[in-house]
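**Student:** how would this look folded up:
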Amino acid sequence: MDSPSVILKGLHTIINEPDILITDYIAIGGIGATFVNSGMLTLISILILHRLKININGISVAAVFLMSSFALFGKNLFNVWLIIIGVFIYSKVQKEKFSKFIYIALFGTSMAPTITELMFFIDQPLLIRIALGIIIGLSIGFVLPPLSSFMLKVHQGYDLYNIGFTAGLIGTIYVSLFKSYGFVPKSNIIWSTGNNTVLMPFLFLVFSSMIISGFYMNGKSFRSLKKVYSYSGRLLCDFVTLEGFGITLVNMGLNGFMGMAYVLLIGAEFNGPTIGGILTIVGFGAFGKHLRNITPIFLGVFLGSLTKIWSISDPPIVLAALFGTALAPIAGEFGWQYGVLASFINSSVVLNVGVLHGGMNLYNTGFSAGIVATTMIPIIQAFRKEENN
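**Tutor:** The predicted model follows:
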(Lines give C-alpha, C1' and ligand atoms only; values in the text may rest on other atoms or scores of the structure.)
Protein backbone atom coordinates (compact mmCIF):
# COMPACT_ATOMS: atom_id res chain seq x y z
CA MET A 1 0.00 0.00 0.00
CA ASP A 2 2.83 2.43 0.80
CA SER A 3 6.59 2.74 0.44
CA PRO A 4 8.86 2.15 3.47
CA SER A 5 9.59 5.86 3.78
CA VAL A 6 5.87 6.74 3.79
CA ILE A 7 5.19 3.98 6.32
CA LEU A 8 7.93 5.22 8.66
CA LYS A 9 6.58 8.75 8.41
CA GLY A 10 3.09 7.44 9.11
CA LEU A 11 4.26 5.46 12.15
CA HIS A 12 5.93 8.60 13.51
CA THR A 13 2.65 10.48 13.09
CA ILE A 14 0.66 7.69 14.74
CA ILE A 15 2.95 7.70 17.78
CA ASN A 16 2.98 11.48 18.14
CA GLU A 17 -0.73 12.20 17.67
CA PRO A 18 -3.42 11.98 20.40
CA ASP A 19 -5.00 8.51 20.54
CA ILE A 20 -8.17 9.18 22.53
CA LEU A 21 -11.46 7.89 21.15
CA ILE A 22 -12.10 8.04 18.23
CA THR A 23 -8.76 8.34 16.40
CA ASP A 24 -8.59 6.45 13.12
CA TYR A 25 -4.94 5.69 12.39
CA ILE A 26 -5.74 5.23 8.70
CA ALA A 27 -6.78 8.89 8.57
CA ILE A 28 -3.67 10.21 10.31
CA GLY A 29 -0.95 7.77 9.27
CA GLY A 30 -2.19 6.04 6.13
CA ILE A 31 -3.20 2.44 5.46
CA GLY A 32 0.38 1.17 5.15
CA ALA A 33 1.58 2.52 8.48
CA THR A 34 -1.64 1.52 10.25
CA PHE A 35 -1.41 -2.11 9.19
CA VAL A 36 2.33 -2.26 9.92
CA ASN A 37 1.59 -0.95 13.42
CA SER A 38 -1.16 -3.55 13.86
CA GLY A 39 0.89 -6.39 12.37
CA MET A 40 3.94 -5.68 14.50
CA LEU A 41 1.95 -5.44 17.74
CA THR A 42 0.20 -8.69 16.83
CA LEU A 43 3.45 -10.52 16.15
CA ILE A 44 5.04 -9.15 19.32
CA SER A 45 2.01 -10.32 21.34
CA ILE A 46 2.30 -13.82 19.85
CA LEU A 47 6.03 -13.81 20.60
CA ILE A 48 5.37 -12.87 24.25
CA LEU A 49 2.91 -15.74 24.59
CA HIS A 50 5.43 -18.08 22.97
CA ARG A 51 8.25 -16.96 25.27
CA LEU A 52 6.03 -17.50 28.30
CA LYS A 53 5.19 -20.99 26.98
CA ILE A 54 1.47 -20.27 26.95
CA ASN A 55 -0.77 -22.96 25.50
CA ILE A 56 -2.89 -21.21 22.90
CA ASN A 57 -6.60 -21.30 23.70
CA GLY A 58 -9.65 -19.10 23.29
CA ILE A 59 -8.54 -16.28 25.55
CA SER A 60 -5.13 -16.25 23.84
CA VAL A 61 -6.83 -15.72 20.48
CA ALA A 62 -9.08 -12.99 21.89
CA ALA A 63 -6.14 -11.16 23.49
CA VAL A 64 -4.05 -11.23 20.31
CA PHE A 65 -6.98 -10.06 18.18
CA LEU A 66 -7.67 -7.17 20.54
CA MET A 67 -4.08 -6.04 20.11
CA SER A 68 -4.54 -6.31 16.34
CA SER A 69 -7.86 -4.49 16.26
CA PHE A 70 -7.08 -1.58 18.55
CA ALA A 71 -3.69 -1.08 16.92
CA LEU A 72 -5.81 0.34 14.10
CA PHE A 73 -7.11 3.16 16.31
CA GLY A 74 -5.45 3.79 19.65
CA LYS A 75 -2.67 1.34 20.50
CA ASN A 76 0.76 1.78 18.97
CA LEU A 77 4.33 0.58 19.23
CA PHE A 78 5.09 3.24 21.85
CA ASN A 79 2.15 3.59 24.22
CA VAL A 80 1.36 0.00 25.32
CA TRP A 81 4.53 -1.03 27.14
CA LEU A 82 4.32 0.83 30.46
CA ILE A 83 0.99 -0.81 31.28
CA ILE A 84 2.37 -4.25 30.44
CA ILE A 85 5.42 -3.55 32.61
CA GLY A 86 3.14 -2.41 35.44
CA VAL A 87 1.37 -5.78 35.37
CA PHE A 88 4.79 -7.48 35.30
CA ILE A 89 5.84 -5.54 38.42
CA TYR A 90 2.60 -6.60 40.14
CA SER A 91 3.40 -10.26 39.40
CA LYS A 92 6.83 -9.86 40.96
CA VAL A 93 5.45 -8.14 44.07
CA GLN A 94 2.93 -10.97 44.45
CA LYS A 95 5.70 -13.52 43.74
CA GLU A 96 3.64 -15.06 40.95
CA LYS A 97 4.60 -16.00 37.41
CA PHE A 98 3.99 -13.24 34.87
CA SER A 99 2.27 -15.82 32.66
CA LYS A 100 -0.61 -15.87 35.16
CA PHE A 101 -1.35 -12.22 34.39
CA ILE A 102 -0.28 -11.93 30.74
CA TYR A 103 -3.84 -11.71 29.43
CA ILE A 104 -4.64 -8.89 31.84
CA ALA A 105 -1.48 -7.15 30.61
CA LEU A 106 -2.46 -7.46 26.95
CA PHE A 107 -6.11 -6.55 27.47
CA GLY A 108 -5.08 -3.76 29.86
CA THR A 109 -3.40 -1.78 27.09
CA SER A 110 -6.88 -0.32 26.56
CA MET A 111 -5.57 2.59 28.65
CA ALA A 112 -2.65 3.22 26.28
CA PRO A 113 -3.90 6.67 25.11
CA THR A 114 -3.29 7.93 28.66
CA ILE A 115 0.46 7.48 28.14
CA THR A 116 0.41 9.42 24.88
CA GLU A 117 -1.60 12.27 26.39
CA LEU A 118 0.64 12.66 29.43
CA MET A 119 3.95 12.43 27.59
CA PHE A 120 3.11 14.64 24.62
CA PHE A 121 0.15 16.92 25.26
CA ILE A 122 0.03 18.33 28.78
CA ASP A 123 1.45 21.80 29.35
CA GLN A 124 4.43 20.82 31.48
CA PRO A 125 8.23 20.58 31.03
CA LEU A 126 9.50 17.48 29.23
CA LEU A 127 10.92 15.76 32.33
CA ILE A 128 7.66 16.16 34.23
CA ARG A 129 5.67 14.81 31.29
CA ILE A 130 7.94 11.77 31.03
CA ALA A 131 7.82 11.16 34.78
CA LEU A 132 4.03 11.43 34.89
CA GLY A 133 3.65 9.14 31.90
CA ILE A 134 5.85 6.49 33.51
CA ILE A 135 4.24 6.72 36.96
CA ILE A 136 0.66 6.69 35.69
CA GLY A 137 1.33 3.98 33.11
CA LEU A 138 2.98 1.66 35.61
CA SER A 139 0.30 2.32 38.22
CA ILE A 140 -2.48 1.45 35.76
CA GLY A 141 -0.84 -1.89 35.03
CA PHE A 142 -0.17 -2.51 38.72
CA VAL A 143 -3.79 -2.12 39.86
CA LEU A 144 -5.42 -3.89 36.92
CA PRO A 145 -5.03 -7.52 38.13
CA PRO A 146 -6.77 -7.22 41.52
CA LEU A 147 -9.44 -4.85 40.22
CA SER A 148 -10.30 -6.93 37.15
CA SER A 149 -10.76 -10.04 39.29
CA PHE A 150 -13.20 -8.19 41.50
CA MET A 151 -15.10 -6.59 38.61
CA LEU A 152 -15.68 -10.00 37.06
CA LYS A 153 -17.71 -10.86 40.16
CA VAL A 154 -19.72 -7.66 39.84
CA HIS A 155 -21.17 -8.34 36.37
CA GLN A 156 -20.87 -12.15 36.79
CA GLY A 157 -19.21 -12.68 33.42
CA TYR A 158 -21.98 -11.14 31.31
CA ASP A 159 -19.66 -8.41 29.97
CA LEU A 160 -17.05 -10.10 27.78
CA TYR A 161 -14.86 -6.99 27.97
CA ASN A 162 -14.21 -7.24 31.69
CA ILE A 163 -10.97 -5.27 31.41
CA GLY A 164 -12.88 -2.53 29.59
CA PHE A 165 -15.22 -2.24 32.57
CA THR A 166 -12.26 -2.17 34.95
CA ALA A 167 -10.29 0.30 32.83
CA GLY A 168 -13.31 2.58 32.62
CA LEU A 169 -13.39 2.87 36.41
CA ILE A 170 -9.63 3.43 36.60
CA GLY A 171 -9.85 5.99 33.82
CA THR A 172 -12.69 7.80 35.60
CA ILE A 173 -10.57 8.19 38.72
CA TYR A 174 -7.46 9.36 36.86
CA VAL A 175 -9.30 11.78 34.57
CA SER A 176 -11.07 13.25 37.60
CA LEU A 177 -7.65 13.87 39.15
CA PHE A 178 -6.32 15.32 35.88
CA LYS A 179 -9.24 17.75 35.66
CA SER A 180 -8.61 18.90 39.22
CA TYR A 181 -5.19 20.08 38.07
CA GLY A 182 -6.43 21.77 34.92
CA PHE A 183 -5.75 19.05 32.37
CA VAL A 184 -8.92 18.29 30.42
CA PRO A 185 -8.56 15.75 27.58
CA LYS A 186 -10.07 16.97 24.32
CA SER A 187 -12.73 14.89 22.62
CA ASN A 188 -11.84 13.45 19.24
CA ILE A 189 -13.57 11.98 16.19
CA ILE A 190 -11.21 11.21 13.33
CA TRP A 191 -12.99 8.90 10.90
CA SER A 192 -11.60 8.02 7.47
CA THR A 193 -13.77 7.29 4.43
CA GLY A 194 -13.29 6.08 0.87
CA ASN A 195 -11.24 2.93 1.54
CA ASN A 196 -13.94 0.28 1.09
CA THR A 197 -12.62 -0.96 -2.26
CA VAL A 198 -9.27 -1.80 -0.64
CA LEU A 199 -10.35 -2.99 2.79
CA MET A 200 -13.37 -5.11 1.84
CA PRO A 201 -11.38 -7.63 -0.26
CA PHE A 202 -8.78 -7.82 2.52
CA LEU A 203 -11.41 -8.75 5.11
CA PHE A 204 -13.11 -11.16 2.70
CA LEU A 205 -9.84 -13.05 2.16
CA VAL A 206 -9.03 -13.16 5.88
CA PHE A 207 -12.42 -14.50 6.95
CA SER A 208 -12.68 -16.92 4.01
CA SER A 209 -9.28 -18.35 4.91
CA MET A 210 -10.47 -18.89 8.50
CA ILE A 211 -13.55 -20.82 7.41
CA ILE A 212 -11.67 -22.92 4.85
CA SER A 213 -8.77 -23.66 7.22
CA GLY A 214 -11.14 -24.48 10.06
CA PHE A 215 -13.18 -26.75 7.80
CA TYR A 216 -10.10 -28.82 6.93
CA MET A 217 -8.77 -28.82 10.48
CA ASN A 218 -12.17 -30.05 11.67
CA GLY A 219 -11.98 -33.17 9.50
CA LYS A 220 -13.48 -31.47 6.43
CA SER A 221 -16.77 -30.87 8.20
CA PHE A 222 -18.74 -28.30 10.16
CA ARG A 223 -19.65 -30.69 12.95
CA SER A 224 -19.73 -29.17 16.44
CA LEU A 225 -20.79 -25.78 15.08
CA LYS A 226 -24.23 -26.31 16.61
CA LYS A 227 -22.51 -27.11 19.89
CA VAL A 228 -20.68 -23.78 19.73
CA TYR A 229 -24.05 -22.05 19.25
CA SER A 230 -25.43 -23.86 22.29
CA TYR A 231 -23.07 -22.04 24.68
CA SER A 232 -24.23 -18.80 26.28
CA GLY A 233 -20.79 -17.21 25.89
CA ARG A 234 -20.63 -16.12 29.51
CA LEU A 235 -17.07 -15.75 30.84
CA LEU A 236 -15.12 -17.95 30.80
CA CYS A 237 -16.33 -19.75 27.65
CA ASP A 238 -13.34 -21.06 25.70
CA PHE A 239 -14.45 -22.56 22.38
CA VAL A 240 -10.93 -23.78 21.54
CA THR A 241 -10.83 -25.90 24.69
CA LEU A 242 -14.48 -26.95 24.50
CA GLU A 243 -14.85 -27.85 20.82
CA GLY A 244 -11.43 -27.61 19.17
CA PHE A 245 -9.49 -25.05 17.16
CA GLY A 246 -10.87 -26.07 13.75
CA ILE A 247 -14.53 -25.33 14.38
CA THR A 248 -13.53 -22.27 16.40
CA LEU A 249 -11.82 -20.88 13.30
CA VAL A 250 -15.01 -21.47 11.34
CA ASN A 251 -17.00 -19.61 13.99
CA MET A 252 -14.51 -16.74 13.92
CA GLY A 253 -14.76 -16.43 10.14
CA LEU A 254 -18.56 -16.47 10.23
CA ASN A 255 -18.51 -13.77 12.91
CA GLY A 256 -16.27 -11.71 10.66
CA PHE A 257 -18.68 -11.93 7.75
CA MET A 258 -21.54 -11.01 10.09
CA GLY A 259 -19.66 -7.88 11.16
CA MET A 260 -18.92 -6.99 7.54
CA ALA A 261 -22.55 -7.50 6.56
CA TYR A 262 -23.73 -5.21 9.35
CA VAL A 263 -21.36 -2.40 8.33
CA LEU A 264 -22.47 -2.69 4.70
CA LEU A 265 -26.19 -2.85 5.51
CA ILE A 266 -26.15 0.36 7.56
CA GLY A 267 -24.05 2.19 4.97
CA ALA A 268 -21.00 2.72 7.20
CA GLU A 269 -17.33 2.80 6.14
CA PHE A 270 -14.58 0.26 6.51
CA ASN A 271 -11.78 2.08 8.34
CA GLY A 272 -9.55 1.63 11.38
CA PRO A 273 -12.28 1.72 14.07
CA THR A 274 -14.85 -0.38 12.18
CA ILE A 275 -12.30 -3.01 11.17
CA GLY A 276 -11.15 -2.97 14.79
CA GLY A 277 -14.72 -3.67 15.87
CA ILE A 278 -15.10 -6.49 13.37
CA LEU A 279 -11.76 -8.07 14.35
CA THR A 280 -12.80 -7.89 18.00
CA ILE A 281 -15.94 -9.87 17.17
CA VAL A 282 -13.74 -12.33 15.28
CA GLY A 283 -11.25 -12.69 18.14
CA PHE A 284 -13.99 -13.30 20.66
CA GLY A 285 -15.36 -15.89 18.28
CA ALA A 286 -12.89 -18.07 20.16
CA PHE A 287 -14.04 -16.87 23.55
CA GLY A 288 -17.77 -16.36 23.82
CA LYS A 289 -19.32 -14.87 20.67
CA HIS A 290 -21.20 -16.64 17.91
CA LEU A 291 -23.94 -15.72 15.42
CA ARG A 292 -26.72 -16.80 17.77
CA ASN A 293 -25.77 -14.48 20.64
CA ILE A 294 -24.45 -11.44 18.72
CA THR A 295 -27.38 -11.02 16.30
CA PRO A 296 -29.75 -9.72 19.05
CA ILE A 297 -27.14 -7.08 19.92
CA PHE A 298 -27.18 -5.70 16.39
CA LEU A 299 -30.98 -5.79 16.42
CA GLY A 300 -31.10 -3.80 19.67
CA VAL A 301 -29.01 -0.97 18.19
CA PHE A 302 -31.12 -0.99 15.03
CA LEU A 303 -34.33 -0.65 17.05
CA GLY A 304 -32.71 2.17 18.98
CA SER A 305 -32.03 4.01 15.72
CA LEU A 306 -35.77 3.99 14.94
CA THR A 307 -36.74 5.86 18.09
CA LYS A 308 -33.68 7.81 19.27
CA ILE A 309 -32.21 11.06 17.99
CA TRP A 310 -29.05 9.60 16.43
CA SER A 311 -28.52 7.87 13.10
CA ILE A 312 -27.47 4.21 12.93
CA SER A 313 -24.50 5.17 10.73
CA ASP A 314 -23.09 7.77 13.15
CA PRO A 315 -19.49 6.73 14.06
CA PRO A 316 -20.13 6.26 17.82
CA ILE A 317 -23.25 4.20 17.10
CA VAL A 318 -21.50 2.00 14.54
CA LEU A 319 -18.91 1.19 17.20
CA ALA A 320 -21.62 0.78 19.86
CA ALA A 321 -23.10 -2.04 17.77
CA LEU A 322 -19.82 -3.76 16.87
CA PHE A 323 -18.27 -3.55 20.33
CA GLY A 324 -21.65 -3.85 22.06
CA THR A 325 -21.47 -7.56 21.29
CA ALA A 326 -19.66 -7.66 24.63
CA LEU A 327 -23.22 -8.20 25.94
CA ALA A 328 -23.71 -11.34 23.84
CA PRO A 329 -23.76 -13.64 26.94
CA ILE A 330 -27.00 -12.00 28.09
CA ALA A 331 -28.70 -13.07 24.86
CA GLY A 332 -27.05 -16.47 25.07
CA GLU A 333 -28.05 -17.11 28.68
CA PHE A 334 -31.48 -15.51 29.03
CA GLY A 335 -32.81 -15.34 25.45
CA TRP A 336 -32.63 -13.09 22.42
CA GLN A 337 -35.20 -10.62 23.78
CA TYR A 338 -32.98 -9.79 26.77
CA GLY A 339 -30.03 -9.34 24.42
CA VAL A 340 -32.05 -6.89 22.34
CA LEU A 341 -33.09 -4.97 25.46
CA ALA A 342 -29.52 -4.85 26.81
CA SER A 343 -28.22 -3.58 23.49
CA PHE A 344 -31.05 -1.03 23.20
CA ILE A 345 -30.11 0.38 26.61
CA ASN A 346 -26.36 0.17 25.99
CA SER A 347 -26.63 2.19 22.76
CA SER A 348 -27.61 5.15 24.95
CA VAL A 349 -25.30 4.48 27.89
CA VAL A 350 -22.23 4.16 25.68
CA LEU A 351 -22.70 7.71 24.38
CA ASN A 352 -22.45 9.18 27.88
CA VAL A 353 -19.77 7.24 29.76
CA GLY A 354 -16.88 8.41 27.58
CA VAL A 355 -16.88 11.79 29.31
CA LEU A 356 -16.04 10.04 32.59
CA HIS A 357 -12.71 8.66 31.36
CA GLY A 358 -12.14 11.35 28.73
CA GLY A 359 -11.75 8.83 25.92
CA MET A 360 -8.65 7.40 27.60
CA ASN A 361 -10.18 3.93 27.80
CA LEU A 362 -10.29 2.44 24.32
CA TYR A 363 -12.76 -0.21 25.50
CA ASN A 364 -15.43 2.39 26.15
CA THR A 365 -18.22 0.00 25.18
CA GLY A 366 -16.80 -2.56 27.58
CA PHE A 367 -17.23 0.05 30.32
CA SER A 368 -20.83 0.84 29.37
CA ALA A 369 -21.62 -2.86 28.86
CA GLY A 370 -20.36 -3.56 32.38
CA ILE A 371 -22.70 -0.91 33.77
CA VAL A 372 -25.66 -2.28 31.79
CA ALA A 373 -24.92 -5.91 32.73
CA THR A 374 -24.41 -5.06 36.40
CA THR A 375 -27.77 -3.28 36.44
CA MET A 376 -29.77 -5.77 34.37
CA ILE A 377 -28.56 -9.16 35.61
CA PRO A 378 -29.94 -8.93 39.20
CA ILE A 379 -33.29 -7.75 37.81
CA ILE A 380 -33.46 -10.51 35.19
CA GLN A 381 -32.51 -13.14 37.76
CA ALA A 382 -35.11 -11.86 40.21
CA PHE A 383 -37.92 -12.13 37.66
CA ARG A 384 -36.73 -15.51 36.45
CA LYS A 385 -36.69 -16.73 40.05
CA GLU A 386 -40.31 -15.63 40.42
CA GLU A 387 -41.23 -17.42 37.18
CA ASN A 388 -39.52 -20.62 38.36
CA ASN A 389 -41.30 -20.45 41.70
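**Student:** count the neighbours of residue 176 for me.
**Tutor:** 12 (other CB atoms under 10 Å). Backbone N, C-alpha and C define where each C-beta goes, glycine included.
**Student:** for residue 13, same thing?
**Tutor:** Residue 13: 14 neighbours (other CB under 10 Å).
**Student:** before we move on, what about residue 92?
**Tutor:** Neighbour tally, residue 92, other CB under 10 Å: 10.
**Student:** go on, residue 374?
**Tutor:** Neighbours of residue 374 using other CB under 10 Å come to 16.
**Student:** check what pLDDT it gets.
**Tutor:** Predicted confidence (pLDDT) for residue 374: 96.
**Student:** for the closest residue to it other than its chain neighbours, give me its contacts.
**Tutor:** Leaving out its chain neighbours, the residue that sits closest to residue 374 by CB to CB, 6 or more residues apart in numbering is residue 155, at 4.8 Å. Residue 155 makes contact with 162, 165, 370, 373, 374, 377 under the criterion CB atoms under 8 Å, 6 or more residues apart in numbering.
**Student:** just how off-centre is the helix or strand containing the third one within its chain?
**Tutor:** The secondary structure element spanning residue 370 is helix 364-388 (assigned by DSSP states H and E). On the basis of CA atoms, centre = their mean, to the nearest Å, helix 364-388 sits 21 Å off its chain's mean C-alpha point.
**Student:** quick one: list the elements packing against that helix.
**Tutor:** Applying 3 or more CB pairs under 8 Å, 6 or more residues apart in numbering; DSSP states H and E, we find helix 364-388 packed against helix 126-155, helix 162-180, helix 315-323, helix 328-334, helix 336-357.
**Student:** any idea of the angle it forms with helix 315-323?
**Tutor:** Helix 364-388 runs at 50 degrees relative to helix 315-323, counting by axes from the mean of the first three to the mean of the last three CA atoms, to 10 degrees.
**Student:** buried ones in the lowest-mean-pLDDT helix or strand in the chain?
**Tutor:** Ranking every helix and strand in the chain by mean pLDDT, DSSP states H and E puts helix 364-388 at the bottom, with a mean of 88. Buried residues in helix 364-388, defined by neighbour count with 16 or more other CB atoms under 10 Å: 364-374, 376-377, 380.
**Student:** residues contacting the closest residue to residue 92 other than its chain neighbours?
**Tutor:** For residue 92, ignoring the flanking residues on the chain, the nearest one in space by CB to CB, 6+ apart is residue 98 at 7.8 Å. Shown in contact with residue 98 (CB under 8 Å, 6+ apart): 52, 87, 88, 91, 92, 105.
**Student:** report the two of those separated the most.
**Tutor:** 52 and 92 (14.3 Å; CB to CB).
**Student:** still on that earlier bit, would you convert the buried residues of helix 364-388 into JSON lines that also reports distance to residue 274?
**Tutor:** Below are these laid out as JSON lines (distance: CB to CB, whole Å):
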{"residue": "364", "distance to residue 274": "15"}
{"residue": "365", "distance to residue 274": "13"}
{"residue": "366", "distance to residue 274": "17"}
{"residue": "367", "distance to residue 274": "19"}
{"residue": "368", "distance to residue 274": "18"}
{"residue": "369", "distance to residue 274": "18"}
{"residue": "370", "distance to residue 274": "22"}
{"residue": "371", "distance to residue 274": "24"}
{"residue": "372", "distance to residue 274": "22"}
{"residue": "373", "distance to residue 274": "24"}
{"residue": "374", "distance to residue 274": "27"}
{"residue": "376", "distance to residue 274": "27"}
{"residue": "377", "distance to residue 274": "29"}
{"residue": "380", "distance to residue 274": "31"}
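**Student:** got any ranges where the protein has weak pLDDT?
**Tutor:** Residues of the chain meeting the criterion pLDDT under 70: 385-389.
**Student:** how's it carved up into domains?
**Tutor:** The record's domain parsing of the chain by automatic domain parsing lists 4-180, 196-388.
**Student:** any chance of JSON lines for those, columns distance to residue 188?
**Tutor:** Compiled in JSON lines, the domains of the chain are given as follows (distance: least, CB to CB, whole Å):
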{"stretch": "domain 4-180", "distance to residue 188": "5"}
{"stretch": "domain 196-388", "distance to residue 188": "6"}
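**Student:** what's the spacing between residue 282 and residue 262?
**Tutor:** 13 Å (CB to CB, to the nearest Å).
**Student:** same thing with residue 11?
**Tutor:** 30 Å.
**Student:** residue 74 too?
**Tutor:** Relative to residue 262, and taking CB to CB, residue 74 is found at 21 Å.
**Student:** more crowded one of these two?
**Tutor:** residue 74 (32 against 25).
**Student:** could you count how many residues lie near the nearest residue to residue 223 once chain neighbours are set aside?
**Tutor:** Excluding the flanking residues, the one nearest residue 223 by CB to CB, 6+ apart is residue 247, at 7.3 Å. Residue 247 has 25 neighbouring residues, counting by other CB under 10 Å.
**Student:** which parts of the helix or strand where residue 247 lies are buried?
**Tutor:** Residue 247 belongs to helix 245-265 when assigned by DSSP H and E. Neighbour-count burial for helix 245-265, counted by 16+ other CB under 10 Å, picks out 245-260, 262-263.
**Student:** over to stretch 202-221?
**Tutor:** Neighbour-count burial for stretch 202-221 [16+ other CB under 10 Å]: 203, 206, 207, 210, 211, 214, 215, 218.
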